[in-house]
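Novice: Sequence and computational prediction follow.
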Amino acid sequence: METGKIVIEKVRGKSTVTKSFSKYPLKFIIPRKVGPSRVDAVWIYALTYGGGIVSGDDISCKLEIGAGCTAVLTTQASTKVYKSLGSKCSEQSLEAEIGSNSMLVLIPDPVTCFSTARYFQKQVFRVRSDSNLVLVDWITSGRHESGEKWDFTHYKSTNNIFLESDQPLFLDTVLLEQGSIVPLAERMQDYQVIAMVVLLGPMLRHIQGQVQEDVKRMMAKQLQGSPARWDRQMKSNTRDFANKPSLIASCSAFGQKVHLIEAFSMFLSLNSQKRL
């Protein structure tokens, strides 16, 4: 049984929550009014009692976005994953069905794993040919004020998008775990944030090209030279963080034209994170 479920449908021409259910440790806050009245969108804030996910928690949420509706799912603060007890893993899953001519905007604060934490999240989106989705999935290195940087034990995040009849459109998994030889912090080479943004659907097509141009411009400024020259510098001194760009970003468009997906991923250093 789900820990939480929300159904959004058109009522008198407006996107409206027609069903909302949640139980411990999950809670939903659904403000009556967010932003200008002319904007037809339901805002949903997901939070957990205690301000984070405790070792062994298993949270499962389902969203149903009806035809012609718009919903925004976000959080009030970063998703904190507390220290694990033994080998217990904290898990969180989301399954969303996005109807025809509808939009789901998933813009949570980043996941922040404490030292020794174990965390797994899986998000599955089922869309139609004219559905729209904005997906942000990101993680920080941990609690800097406590001296924790990539000090968690295990992190895995899976995002899958399926068209009708379970046709896969986008399958992505990020796995970070401590190695027996090289610590995770050393492998990350002083980068403190990993983020991915996915844009899907006809309503977002007009900004997909702009995103590609923005990424090219950002990286041209960061590298300040040819990629081959920067690669040689990196290989000659892998510990010389001063010569590394504070941000590494890439952008890819894929899928058929009618289902065009823009995926934008980036690594941020500590200085870039402060500007977010």
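Specialist: Okay, I see it.
Novice: Give the bridge partners for Leu94, please.
Specialist: Residues in a beta bridge with Leu94, per DSSP bridges, are Cys61, Gln123.
Novice: Just give the number of residues close to it.
Specialist: Neighbourhood size, Leu94 [other CB atoms under 10 Å]: 20. Every residue, glycine included, has its C-beta placed from N, CA and C.
Novice: show me the contacts for it.
Specialist: 61-63, 106, 121-124 (CB atoms under 8 Å, 6 or more residues apart in numbering).
Novice: got a pLDDT number for it?
Specialist: Leu94 is assigned 98 on the pLDDT scale.
Novice: Distance check, it against Phe170.
Specialist: 15 Å (CB to CB, to the nearest Å).
Novice: sorry, back to before: please pick the buried ones from the contacts of Leu94.
Specialist: 61-63, 106, 121-123 (16 or more other CB atoms under 10 Å).
Novice: Pick out whichever of those sits closest to Ile8.
Specialist: Leu63 (7.6 Å; CB to CB).
Novice: show me what contacts that closest one?
Specialist: 5-8, 71, 73, 94-97, 104.
Novice: repeat that with 10 Å
Specialist: With contacts taken as CB atoms under 10 Å, 6 or more residues apart in numbering, Leu63 has the following neighbours: 4-8, 44, 71, 73, 94-98, 104, 106, 125.
Novice: Give me the secondary structure label for it.
Specialist: strand (DSSP: H, G, I helix; E, B strand; the rest coil).
Novice: ok, back up a step: need the buried ones among the contacts of Leu94 in TSV with pLDDT and distance to Ser20, can you?
Specialist: Output for the buried ones among the contacts of Leu94, formatted as TSV (pLDDT from 0 to 100; distance: CB to CB, whole Å):
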residue	pLDDT	distance to Ser20
Cys61	97	11
Lys62	97	11
Leu63	98	11
Leu106	98	17
Gln121	97	22
Lys122	98	22
Gln123	98	19
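Novice: Nearest to Lys14 among these?
Specialist: Using CB to CB, these come closest to Lys14 at Leu63, 17.6 Å.
Novice: just checking, Ala185 is part of a helix?
Specialist: Yes. Membership of Ala185 in a helix is supported by three-state DSSP.
Novice: pretty sure it contacts Gln178?
Specialist: Yes. At 9.2 Å, Ala185 counts as touching Gln178 under the criterion of CB atoms under 10 Å.
Novice: which neighbours do these two share?
Specialist: With CB under 10 Å, 6+ apart as the test, Ala185 and Gln178 both reach 150-151.
Novice: avg pLDDT for stretch 109-119?
Specialist: Mean pLDDT, stretch 109-119: 96.
Novice: ignore the last one, stretch 211-227
Specialist: 77.
Novice: Pick the one among the buried ones among the contacts of Leu94 closest to Leu133.
Specialist: Ranked by distance to Leu133 (CB to CB), the buried ones among the contacts of Leu94 are led by Leu106 at 7.5 Å.
Novice: From Pro36, how far out is that closest one?
Specialist: For Leu106 relative to Pro36 (CB to CB), the value is 21 Å.
Novice: Could you do Asp130 as well?
Specialist: 25 Å.
Novice: Between these two, tell me which one has more neighbours.
Specialist: Asp130 (16 against 7).
Novice: Hmm, the more buried one is touching Ser100, no?
Specialist: Yes. Applying CB under 10 Å, one finds Asp130 in contact with Ser100, separated by 5.6 Å.
Novice: which neighbours do the two share?
Specialist: Ala67.
Novice: helix or strand for Gln212, which one?
Specialist: For Gln212, the host element (DSSP states H and E) is helix 205-223.
Novice: could I get that helix in PDB with only the CA atoms?
Specialist: The C-alpha atoms that make up helix 205-223 are tabulated as PDB, following Å, rounded to 0.1, in the frame of the first residue of the first chain:
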ATOM      1  CA  ARG A 205      10.100  22.300 -26.900                       C
ATOM      2  CA  HIS A 206      10.600  26.000 -27.300                       C
ATOM      3  CA  ILE A 207      13.100  26.100 -24.500                       C
ATOM      4  CA  GLN A 208      15.000  22.900 -25.300                       C
ATOM      5  CA  GLY A 209      17.100  24.600 -28.000                       C
ATOM      6  CA  GLN A 210      17.900  27.500 -25.600                       C
ATOM      7  CA  VAL A 211      19.100  25.100 -22.900                       C
ATOM      8  CA  GLN A 212      21.600  23.500 -25.400                       C
ATOM      9  CA  GLU A 213      22.900  27.000 -26.300                       C
ATOM     10  CA  ASP A 214      23.200  27.900 -22.600                       C
ATOM     11  CA  VAL A 215      25.200  24.800 -21.800                       C
ATOM     12  CA  LYS A 216      27.600  25.400 -24.700                       C
ATOM     13  CA  ARG A 217      28.100  28.900 -23.600                       C
ATOM     14  CA  MET A 218      28.700  27.900 -19.900                       C
ATOM     15  CA  MET A 219      31.200  25.300 -20.800                       C
ATOM     16  CA  ALA A 220      33.100  27.500 -23.300                       C
ATOM     17  CA  LYS A 221      33.500  30.000 -20.400                       C
ATOM     18  CA  GLN A 222      34.500  27.300 -17.900                       C
ATOM     19  CA  LEU A 223      37.100  25.600 -20.100                       C
END
